[in-house]
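[1] What follows is a predicted protein model with its sequence.
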2 protein chains.
Amino acid sequence: MLKFDENVYLENARLTYETRDEIEKVADEITQQGFKNIFFISVGGSISLMWPIQEMLKQMTDIPVFSEQAGEIILTGHKQLTKDSIVVMASKSGDTKETVAAAEWCKEQGYRVVSLVGTPNTPLEKASHWVIPNKAKNGVEFEYMQLFMLLFKLVHNKGQFPAYQKFADQLEKLPENLLRAKEKFEPIADEIAKTYHKENYNIWIGDGEMWGEVYLFSMCILEEMQWVRTKAVSSSEFFHGTLELVEEDVPVFLVKGEGKRRILDDRVEKFCQQYTKKLVVIDTKDYELNGIDDEFRWILAPTISSTLLVDRLARYYEKYTGHDLDMRRYYRQFDY
Amino acid sequence: MLKFDENVYLENARLTYETRDEIEKVADEITQQGFKNIFFISVGGSISLMWPIQEMLKQMTDIPVFSEQAGEIILTGHKQLTKDSIVVMASKSGDTKETVAAAEWCKEQGYRVVSLVGTPNTPLEKASHWVIPNKAKNGVEFEYMQLFMLLFKLVHNKGQFPAYQKFADQLEKLPENLLRAKEKFEPIADEIAKTYHKENYNIWIGDGEMWGEVYLFSMCILEEMQWVRTKAVSSSEFFHGTLELVEEDVPVFLVKGEGKRRILDDRVEKFCQQYTKKLVVIDTKDYELNGIDDEFRWILAPTISSTLLVDRLARYYEKYTGHDLDMRRYYRQFDY
């Protein structure tokens, strides 16, 4: 596969899954201490991968769950955020400005923070009450895996996700499945990027537990790393404005999930098939998850799309645009 | 003013404000019955004007507040939504498909719905427990006024917005101020539309209690009614992707509010001043609210931007594009 090392990937998977005990211990400690609600607080890509889990939790547990942008909440506070809350944060670099500021702000006020930190000895680590080392060099799916274990163990401890044990056991088999998904998607990614890399405007659509995926890939990858213009909209809201922009030569990318809102994606697909010749459907259902029960597929769907898009499709955009994924003109280049 | 009747506007204002007693009675009845949390459920423009109020409530009250898209929640449910919840809905036409379906779904399950309904004897009215007639022919500000009275009275009844009485009294003076704001903005709207109506891509930015405004105007007006391409992003998230798309000839529209997150808008402004020659700032601070205390300005800011954008700027886009605001190619033209 293009610019991809299978051994590194499987090593990242191992490093991730071996944190299971550590994560579950944190979850158990939080449960023992008690908590009233959960706040996801981060920015950009890190907050957008928490949204799918928030969507799942709405359906799985009566624990109230909120998500807030780190740069915003320190300005306004939130009346639901108290010492009885658990704050979940993540930063790959461990030094994301707004996230660190929010963690320190939480600490000052006695709010308990549990963080996924990708780099040891960084400011986020110091400001967090509990730290989960995110040792995988890259791969959003590994962050998902850690968040799944943390959050679903908390829910399980409340007696609300009885299948947790089975789920977490089977999670070990996810990376090898994702590897096969990548392989299957490789020629498709090549074809999509070859066909669409010069398009100056792209509509990206998804819903529910797939919305964070659409948000992340369109903004944090295509916009930030490829300077490609996008409009992201949910499958349900697409019909309240953006649909009017669809014409036969307007590219529409639909990311279909496997949860209860899939029929909203179906509706978009049916509509777009009629009005654009440039419809691309990324459907997680096309990829097998061997050794994993079907009842967990809707939860794991965002890890499939993530491994296909953030990793594979981005690489092929890079190949055809010639725009290095690491090149930025503004972001983190200077103070602003 | 272009295609604008001052007398009709003031009559709409009168029809809106005269519902105050009725609204407060509903709020008092809800308080008497008791409730655990509030759910805003609607679609498109109607849900986006509830978001600013949700943002305000986070800072004003410890009542948990959630917002959900009507088409989505009936598929998934939400564990926080129970018979102890109060559901707030709105539909101008009273027959918005997803909203009506959600209201009926709520009714079946014994969830109490209070709706702002623009058209009498419509399905939404029939499915609602309480109905607040939204008699104003148009003007998003009038829906804001009614929602302010309903929600803030509920909060006041909990002892958490002691200034409610003064706020609601002064609200009567809002429309005449908005009328003057429109007049002041009229030549500016003309200039903006003349300059930018042919741009094929526009970045729209705002945050917090202004986010719904940015979302609504970019998607439900520019995209739906003018077929103009937009990317909307919050002031905080702009720096996590979209900033890389700013170039000297890329139009950026920044809608500045007056709440605690204004410094996020300032940061966007400072950045964009350096990297695009096409920055347009809509700042509610430029418009007076005579007879209204300064402490309420951050709450009323979305009504100012709404009256300037949805009403005035849209009209001037129509003037220059020649695209009738009522013309759609797909929306409500046939089943999909």
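    Noted; the coordinates are in hand. If you're wondering where the values come from, they're calculated on a predicted model, not measured in any experiment.

[2] got the residues of the stretch 201-336 of chain A near chain B?
    Selection of the stretch 201-336 of chain A residues close to chain B by Cβ under 8 Å from any Cβ of the partner chain yields A:201, A:207-208, A:219-220, A:223-225, A:227, A:229-231, A:233-234, A:236-237, A:239-246, A:259-261, A:263-264, A:267, A:270-271, A:275, A:328-331, A:336. C-beta coordinates here come from the backbone N, C-alpha and C atoms, glycine included.

[3] Give me the buried entries from those.
    Buried by 16 or more other Cβ atoms under 10 Å in any protein chain shown: A:207-208, A:219-220, A:223-225, A:227, A:229-231, A:233-234, A:236-237, A:239-246, A:259-261, A:264, A:267, A:271, A:275, A:330-331, out of these.

[4] For the spatially most central residue of chain A, give its distance to chain B.
    The residue lying closest to the centre of chain A (Cα atoms, centre = their mean) is A:Leu49, at 2.5 Å. Counting by Cβ to the nearest Cβ, to the nearest Å, the separation of A:Leu49 from chain B is 13 Å.

[5] show me what contacts that residue?
    A:90, A:140, A:143-144, A:147, A:212, A:216, A:302, A:306 (Cβ atoms under 8 Å, 6 or more residues apart in numbering or on different chains).

[6] I'd like to know which of the buried ones among the residues of the stretch 201-336 of chain A next to chain B are part of helices.
    A:224-225, A:264, A:267, A:271, A:275 (DSSP state H).

[7] Look up how far B:Ile221 lies from whatever residue of the stretch 201-336 of chain A ends up closest to chain B.
    Nearest to chain B, among the residues of the stretch 201-336 of chain A, is A:His240, at 3.0 Å (Cβ to the nearest Cβ). From A:His240 over to B:Ile221 the distance is 11 Å, taken as Cβ to Cβ, to the nearest Å.

[8] Relative to A:Tyr336, how far out is the residue lying closest to A:Asp326 once chain neighbours are set aside?
    Spatial nearest neighbour of A:Asp326, excluding adjacent residues (Cβ to Cβ, 6 or more residues apart in numbering or on different chains): A:Met225 at 7.6 Å. Taking Cβ to Cβ as the measure, A:Met225 falls 18 Å from A:Tyr336.

[9] Then A:Val43?
    Taking Cβ to Cβ, one finds A:Val43 at 15 Å from A:Tyr336.

[10] How about A:Arg315?
    28 Å.

[11] Please apply the same query to A:Leu243.
    Distance of A:Leu243 to A:Tyr336, given as Cβ to Cβ: 35 Å.

[12] Identify the neighbouring strands of the helix or strand hosting A:Ile132 in the sheet and state each direction.
    Element membership of A:Ile132 [criterion: DSSP states H and E] is strand A:130-133. Note on strand A:130-133: by DSSP bridges, its sheet partners are strand A:112-117 (parallel).

[13] for the partner strand, the distance to its chain's centre please.
    17 Å (Cα atoms, centre = their mean, to the nearest Å).

[14] Give me the residues contacting it.
    Contact with strand A:112-117 is made by A:26, A:30, A:33, A:35, A:83, A:85-91, A:94, A:103, A:106-107, A:124-125, A:127-134, A:143, A:146-147, A:150, as judged by Cβ under 8 Å, 6+ apart.

[15] Let's see that with 6 Å instead.
    Strand A:112-117 is contacted from outside by A:86-90, A:94, A:103, A:106, A:124-125, A:128-132, A:134, A:146, using Cβ atoms under 6 Å, 6 or more residues apart in numbering or on different chains.

[16] Only the buried subset of the residues you listed, as a ChimeraX command please.
    A single ChimeraX command is used to select the members of those judged buried by 16+ other Cβ under 10 Å:
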select /A:86,87,88,89,90,94,103,106,124,125,128,129,130,131,132,134,146
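
[17] Narrow the contacts of strand A:112-117 to those in strands?
    Using DSSP state E, A:86-90, A:130-132 are the members of the contacts of strand A:112-117 that sit in strands.

[18] Flag every residue of the stretch 51-200 of chain A that's near chain B.
    Residues of the stretch 51-200 of chain A found near chain B (Cβ under 6 Å from any Cβ of the partner chain) are A:58-59, A:62, A:64, A:69, A:71-72, A:75-76, A:78-80.

[19] Farthest pair within those residues?
    Taking Cβ to Cβ as the measure, these span a maximum distance of 31.0 Å, between A:Gln59 and A:Leu75.

[20] From what I see, A:Tyr196 and A:Pro251 are in contact.
    Yes. Counting by Cβ atoms under 6 Å, A:Pro251 is a contact partner of A:Tyr196 at 5.5 Å.

[21] These two - which one has more neighbours?
    Set side by side, A:Tyr196 and A:Pro251 show more neighbours around A:Pro251, with 20 against 17, by other Cβ atoms under 10 Å in any protein chain shown.

[22] ok, that one - contacts?
    By Cβ under 6 Å, 6+ apart, the residues touching A:Pro251 are A:196, A:199, A:202, A:278.
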